[in-house]
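Participant: Can you look at this prediction? I've put the sequence above it.
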Amino acid sequence: ISKGPGNSKSAKSTVVPPGPPVYLDLVYIPNHSNSKNVDVEFFKRVRSSYYVVSGNDSAAEEPSRAVLDSLLEGKAQWESNMQVTLIPTHDSEVMRQWYQETHEKQQDLNIMVLASSSTVVMQDESFPACKIEL
């Protein structure tokens, strides 16, 4: 059996190339948390204490449920169980449903989700967590 010219490479491409994990304090999940841009490999490699998840477009299903599930799957593969805080920029039906359905798993993985009424305090200023837009 011979392979055609397009079959020599894997059909699956990942956004984050394989390699050792990168540790950060704060990560903004790119492109309105679209699952085409962020997958399990992203969360296995890009490890942060805080993830800002944007998305307020229910028609586009943002944030993506697949991205939120990828956070759980990726975090489950970390060697340590460091606390992770998820900061949603908007209150959305997708976020609320995911939070309720996966709450026990979030607790097992030491993931905290800030509520829409949460406030972020940084040195001399404070602001609503859900108003963060980069």
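Facilitator: Received it, and whenever you're ready, just let me know what you need. Residues are numbered from 1 along each chain as shown.

Participant: Quick one: low-confidence residue ranges for the protein.
Facilitator: Low-confidence regions of the chain, defined here as pLDDT under 70, cover residues 1-17, 31-36, 55-62, 116-120, 127-134.

Participant: wouldn't Y28 be in contact with V52 here?
Facilitator: Yes. Taking contact to mean C-beta atoms under 8 Å, the distance of 4.6 Å between Y28 and V52 places them in contact. Where C-beta positions appear, they are placed from N, C-alpha and C, glycine not excepted.

Participant: Which residue of these two possesses the greater neighbour count?
Facilitator: A count of neighbours by other C-beta atoms under 10 Å puts V52 above the other of Y28 and V52, at 20 against 16.

Participant: What residues are bridge-paired with that one?
Facilitator: The residues listed as beta-bridge partners of V52 by DSSP bridges are Y28, I87.

Participant: ok, so what distance separates it from I87?
Facilitator: Distance check for V52 against I87: by C-beta to C-beta, to the nearest Å, it reads 5 Å.

Participant: V27 too?
Facilitator: The span separating V27 from I87 equals 10 Å under the rule C-beta to C-beta.

Participant: Same check on W98?
Facilitator: In this structure, W98 and I87 are 14 Å apart, going by C-beta to C-beta.

Participant: So if I had to pick from these two, which one is more boxed in?
Facilitator: Between W98 and I87, counted using other C-beta under 10 Å, the more crowded position is W98 (23 against 20).

Participant: Let me know whether Q77 touches R45 as I believe.
Facilitator: No. Taking C-beta under 8 Å as the definition, Q77 is not a contact partner of R45, at 10.1 Å.
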